[in-house]
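predicted model and sequence follow; I will ask about them next.
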Amino acid sequence: SFNLEKSDVNGNHLLFDRLGLAFVSIGLNGPRHARTHRYVELLNREISEQFHSDGVHLEHATSYQRLLLEGVALYVLALRRRGARVDEQLQLVATRAALFMASICDNDGGFPCFGDSDSGNVLVLGGQAGNQSTSALAAAVAAGFLTGEAPRASCEAMAPWLSHIEGADPVATAGQGRPNDGRFRLFSFPSGGYYVARSQDLIVVLRAGATGLKGRGSHDHNDQLSFAVTAFGRPFLVDPGTRTYTESLKAHEQDLSSFSHNTVTVLGLEQGPIVAGSVTATVRQAEANCEEFRAVGQGGAIWRGRISAYHDRSSGISHSRSLTIHDDGRRSVSIEIEDEVRCSDSNECTGAAVFLLDPAWQAKNEGDGSVMLHGRGGRGRFRITEGMGALRIERRWISQEYGSSCETQAVVVEIAGAAIARSVVRIELKANDS
C-alpha cells in the first residue's frame, strides 16, 4: 500500500505520486509488466482529469504548470527509452499544456509567476533550475509535445542527456516557430483564466478566470484582472510571486493580497477573503470574467475583464478593466489601461491601482501625473490621462521562489469618485536602440 495524497479535489501532489509509481515501475519491472500497466493507466487518467481542455493545470498557478510539464515530459522520454507506447490522450493533453507554457514565456524562458511560485524541479538537466521554463520546454520538444518552442541554448545544454533516446533531439528545431515569431498574435485559455497578446517586442499576459482547484484555491492569489508585461525581450511589469509559503503566515497573506498585484484594491478590501487552508492561508472566492479579447489592426488588441462581485457576492462592488495594446512594429509599444470601480453601497468609491516594475526598471515621478521610466533595454513614460486620483511611487518586494526576494518599485494610482470611480493611464515604451 502507498500513502497517496488524495483529496476531495486532487491536485499536483497526487499527480506526482502517480507519476513516481509509473516511473519507478517502468524502470524496475519493465513497460510490459502488469503492475506497470496499472500504474500507467492510473497516471494517464489523472493527467487527463487535472488539465483543462485549454492546457492549463486546474490549480491555475504558472510555476506549478512548469513543474508538472517538466515531470510529464521526462516521464514520456522514459517511456520512449524503454520502447513503450505513449498514450495518445496523454500526448494531446501534454501538448496543450506545453503550448500554454510556451505562450507566456519570453525568449530566455522567464514567465510571470501568477499564484504560488514553487521553484522545485523534477530533475536539473542542462544547468537550468528554479522558475525558468527552459528545461521544461526543451524536454517538451524532445518528447514531441512542441516543435521548436524552446530557446536554442537550453536545448543544446540538455541534448547530451537525451542523446541516447531515439528521436529525442531538442536542438533540431529549437527556436523555430516560437509564439514570438514577429507576428502579433493572441492566445486565449479561458478555462485556466489566462489571455496572452504577444509580438516580437511585447508580451502581455492577463489574468481573469475562476478560482483554481475547482474552488479550493490552494495556490491562488487575489490577482484577478492583473497583468504582466515583457517589453523588448525583458520583464517590465511583473507579478510579485511568493516570498514564503509556510514560514510566515502574515508574510504569505501579504503575498496573496490584492494590493501586492497589478490590479485594483477597492475600499481597502481584498478581491476575495483570505482564509485558513489545510496548510497555510488561501484564497477561494476571487473570480473574474473576460468579456472581450480581439485583435485591432495588424499590431493591436483590446481586452476587457470584470469582477462582478468584489470581495463577496453581497458587497455591491464591481471592478471593470480594459487594456488597449499596440505594437507599431518599429520598436515602440503602448498599453492603455482603463479601470472603473462601482460601489453601490458607498457615498465614496476609492481604490488603488498598482503597477509593479521589474527591478531592472527605475521610475521617477515628474509631479504632473506622469512618471519617467528607464530600464534595461528600454525607456518610456507612464501618465494618467483621465481621472482625479494622485500618483505615487512605492518601494515593494518581489520573489520568483520561496525564501528569497528582491526590492523594486511600484507605481500606484489612486482612484476616487462618488458611486463610480474611473481612471485611465497610458504606458508608452521605446527600445533603447530605436
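Thanks, I have it.

from here on, just use CA atoms for contacts and neighbour counts.
Will do.

where does pLDDT dip in the stretch 101-250 of the chain?
125-128, 148-182 (pLDDT under 70).

quick check: residue 424 is in a helix.
No - Residue 424 sits outside any helix when classified using DSSP: H, G, I helix; E, B strand; the rest coil, being strand.

so the spatially closest residue to it that is not a sequence neighbour: helix, strand or coil?
In space, and not counting its chain neighbours, residue 424 is closest to residue 338: 4.3 Å by C-alpha to C-alpha, 6 or more residues apart in numbering. Recorded secondary structure, residue 338: strand (three-state DSSP).

now do the same contact list for residue 338.
Contact analysis of residue 338 by C-alpha atoms under 8 Å, 6 or more residues apart in numbering lists 321-323, 422-425.

kindly recompute the last result at 7 Å.
Listed by C-alpha atoms under 7 Å, 6 or more residues apart in numbering, the contact partners of residue 338 are 321-323, 423-425.

next one: residue 366
By C-alpha under 7 Å, 6+ apart, residue 366 lies in contact with residue 372.

next, work out how far apart it and residue 429 are.
Per C-alpha to C-alpha, to the nearest Å, residue 366 is found 16 Å from residue 429.

how about the residue nearest to residue 424: which residues does it bridge to?
residue 322, residue 424 (DSSP bridges).

what's the answer for residue 342, then?
Going by DSSP bridges, residue 342 forms beta bridges with residue 318, residue 420.

how near is it to residue 315?
Applying C-alpha to C-alpha to residue 342 and residue 315 gives a distance of 10 Å.

go on, residue 250?
Residue 250 is 25 Å from residue 315, by C-alpha to C-alpha.

next one: residue 229
Going from residue 229 to residue 315 by C-alpha to C-alpha gives 31 Å.

for residue 292, same thing?
Taking C-alpha to C-alpha, one finds residue 292 at 25 Å from residue 315.

and residue 381, by the same measure?
36 Å.

list the contacts for the closest residue to residue 189 other than its chain neighbours?
Residue nearest to residue 189 in three dimensions, not counting chain neighbours: residue 54, with 5.4 Å by C-alpha to C-alpha, 6+ apart. Residue 54 makes contacts with 96, 189, 191, as judged by C-alpha under 7 Å, 6+ apart.

any regions of the stretch 301-434 of the chain where pLDDT drops low?
For the stretch 301-434 of the chain, the ranges with pLDDT under 70 are 346.

if we can go back for a sec, which of residue 229 and residue 315 has more neighbours?
residue 229 (25 against 13; other C-alpha atoms under 10 Å).

in the stretch 301-434 of the chain, which spans are strands?
With DSSP state E, counting those that start in this stretch, the ranges of strands along the stretch 301-434 of the chain come out as 317-327, 332-343, 349-356, 361-365, 370-375, 378-386, 391-398, 406-417, 420-431.

now residue 327: closest residue in space, sequence neighbours ignored.
residue 333 (4.4 Å).

okay, buried residues for stretch 286-294 please.
Within stretch 286-294, the residues that count as buried by 16 or more other C-alpha atoms under 10 Å are 286-290, 293.

a markdown table for those residues, including pLDDT, secondary structure and distance to residue 58?
What follows is the buried residues of stretch 286-294, written out as a markdown table (pLDDT from 0 to 100; DSSP: H, G, I helix; E, B strand; the rest coil; distance: C-alpha to C-alpha, whole Å):
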| residue | pLDDT | secondary structure | distance to residue 58 |
| --- | --- | --- | --- |
| 286 | 85 | coil | 15 |
| 287 | 93 | coil | 14 |
| 288 | 96 | coil | 16 |
| 289 | 97 | strand | 17 |
| 290 | 98 | strand | 18 |
| 293 | 98 | strand | 22 |
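
farthest pair within the residues you listed?
Using C-alpha to C-alpha, the pair of the buried residues of stretch 286-294 lying farthest apart is 286 and 293, separated by 20.6 Å.

pretty sure residue 230 contacts residue 202?
Yes - taking C-alpha atoms under 7 Å as the definition, residue 230 is a contact partner of residue 202 at 5.7 Å.

residue 114 and residue 258: what is the separation?
Residue 114 is 12 Å from residue 258, by C-alpha to C-alpha.

swap in residue 288?
To residue 258, residue 288 is 13 Å away according to C-alpha to C-alpha.

repeat for residue 32
51 Å.

quick one: which of these two has more around it?
residue 258 (27 against 13).

isn't that one right next to residue 224, touching?
No - contact between residue 258 and residue 224 fails when scored by C-alpha under 7 Å: they sit 8.3 Å apart.

report pLDDT for residue 84.
Confidence at residue 84, expressed as pLDDT, is 87.

ok, it touching residue 31?
Yes - counting by C-alpha under 7 Å, residue 31 is a contact partner of residue 84 at 5.9 Å.

give me the more crowded residue out of the two.
residue 31 (22 against 15).

so that one, which state does it fall into?
Quick answer, by three-state DSSP: residue 31 is coil.

what residues does it make contact with?
So residue 31 contacts 82, 84 (C-alpha under 7 Å, 6+ apart).

now with 10 Å, please.
The contact partners of residue 31, taken as C-alpha atoms under 10 Å, 6 or more residues apart in numbering, are 22-23, 25, 37, 40, 78-80, 82-85.

can you list those residues in a markdown table and add secondary structure?
Formatted as a markdown table, the contacts of residue 31 follow (three-state DSSP):
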| residue | secondary structure |
| --- | --- |
| 22 | helix |
| 23 | helix |
| 25 | helix |
| 37 | helix |
| 40 | helix |
| 78 | helix |
| 79 | helix |
| 80 | helix |
| 82 | coil |
| 83 | coil |
| 84 | coil |
| 85 | coil |
